[in-house]
Every structure is written in C-alpha cells, then in structure tokens.
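> Starting from these lines, generate the structure:
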Amino acid sequence: MLKLNELRPNAGSKKTKKRIGRGTGSGNGSTAGKGNNGHKARSGSSTKFYFEGGQTPLTRRIPKRGFISPFKTVFQIVNVSDLEKIDNGKDVDIEFLYENGIINDAGLPVKVLGNGELTKTLTVKVHAFSKSAKEKIEKAKGKTEVIDCA
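Take a look at the predicted model:
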C-alpha cells in the first residue's frame, strides 16, 4: 500500500537552484562561488568578447591595409545574353528588367555587360554599358540610352 511519507519524486526530476551567499554551511557561502577578489568577483562584472586578459587584442595586432570607398557605386549586372531572352523591338528599362526577374532591386543602378550574343533589336535604357555591350546592341540595330545615377 502507498504511504504519503514514502512519496518521492522520480530520479533526476527534482532540480534545485543553487543558493549562493547563504552561509558557509551551504557550500557556496563567503565568496559565493566567485573566488577571492579580482575583476570577475565584482558585481556587474562583464568583459567584451574580444578581451584577451590585457594582451594586445587580435584586432589591434593584425595589420590594416587598403581602403574601401564609402562612395563606391555598386551596379547590378545584366549580360547581353540575358537581353537575348526578351522579345524583339521592346523598350528595356529598369522597371521592365525588375518585372521580368532579370534584376533583384529596382532601386540600385544597372550596368549591361557584353557577355553573350544579341540578335534582337532592343532599346536599352540603363545606368551604364560596357564598351562591348554597347557595340553588340548597336550591331543588332538597337539603341542604348544612359540614365543618370541619382
């Protein structure tokens, strides 16, 4: 028969919070498990993830070289081979390229590069053309118009 005084929780189910700083008898009294003095023994103590104990950090030891211009224009690339898929005689502009899934962002500038062949007559209006792309479009009796990057 089951007796109330013999009830016990299942093994491993009972987890008690470690009560620190509650006297030496608790096993975590006096210094409350933080050792004797030092930076990590203080309240509110935290170090930055890149802190190396006073050693010169890696970010300062490694040489810094080069320069990245914050004013660099990053173009979305469209190849002449991508324009070959478009119907003959169309006006190709930024909105047209975006609607047909050729570019991902209608807000960024677009540059046409000369990779591939073009047989269709198209009027292409984008921000920039490579020299070979311009030649291939005009060779196919198409027109190229440069839009100002605003």
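> Return, as residue ranges, the portions of this structure with sub-threshold pLDDT.
Filtered on pLDDT under 70, the chain yields the residue ranges 150.
> And the strands in it?
Assigned strands in the chain, in chain order: 76-79, 91-92, 110-113, 123-126, 128-129, 143-146 (criterion: DSSP state E).
> quick one: strands adjacent to the last one?
Strands adjacent to strand 143-146 in the sheet, as given by DSSP bridges, are strand 123-126 (parallel).
> now do the third one
In its sheet, strand 110-113 lies beside strand 76-79 (parallel), strand 128-129 (parallel), with partners assigned from DSSP bridges.
> Lys48: which of those is closest?
Ranking the strands paired with strand 110-113 by their distance to Lys48 (criterion: C-beta to C-beta) puts strand 76-79 first, at 37.8 Å. For glycine as for every other residue, the C-beta is placed from the backbone atoms N, C-alpha and C.
> What segments of the protein are helices?
58-61, 80-83, 94-99, 131-139 (DSSP state H).
> Who are the packing partners of the second one?
Same thing as helix 80-83. Packing partners of helix 80-83 (3 or more C-beta pairs under 8 Å, 6 or more residues apart in numbering; DSSP states H and E): strand 110-113, helix 131-139.
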